[in-house]
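Enquirer: Build me a model:
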Amino acid sequence: MLIENWKTGRDKRYAKKDKVEAFAIQFYTQKNYANPHQAAQAMVDHVMEYAKSVDYAFTSSYQAIRTINFWLSKHIKSTK
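Expert: Presented below is the predicted three-dimensional model:
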């Protein structure tokens, strides 16, 4: 019961972030990029636009690039 409540709370709290992260990863997989940082720089405007549409906010484009880069790096490591 406690674990179910924790998962429900986590899902509710991070739902918007999870959507934006999934969007960034999907966008990344559609093209070839040399590395995650290059991809983050190339897609930041698209991801920020999507984030805005789901009411998720990055504090700045610089922070968005760093966050997207982190997400993509984590994704790459998890799929190796």
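
Enquirer: remind me which residues of the protein are low pLDDT?
Expert: Applying pLDDT under 70 to the chain flags the ranges 1-7.

Enquirer: Name the residue closest to the centre of the protein, please.
Expert: Centroid-nearest residue in the chain: E21, 2.1 Å away (criterion: CA atoms, centre = their mean).

Enquirer: The closest residue to that residue other than its chain neighbours in helix, strand or coil?
Expert: Nearest non-adjacent residue to E21, counting by CB to CB, 6 or more residues apart in numbering: W71, 4.9 Å away. Glycine gets a C-beta too; all of them are placed from N, C-alpha and C. At W71 the chain is in helix, as set by DSSP: H, G, I helix; E, B strand; the rest coil.

Enquirer: do the same with A57
Expert: Three-state assignment for A57 (three-state DSSP): coil.

Enquirer: try K17
Expert: Using three-state DSSP, the structure places K17 in helix.

Enquirer: What is the helix or strand where T8 lies packed up against?
Expert: If you go by DSSP states H and E, T8 is part of helix 2-29. Judged by 3 or more CB pairs under 8 Å, 6 or more residues apart in numbering; DSSP states H and E, the packing partners of helix 2-29 are helix 36-53, helix 61-79.
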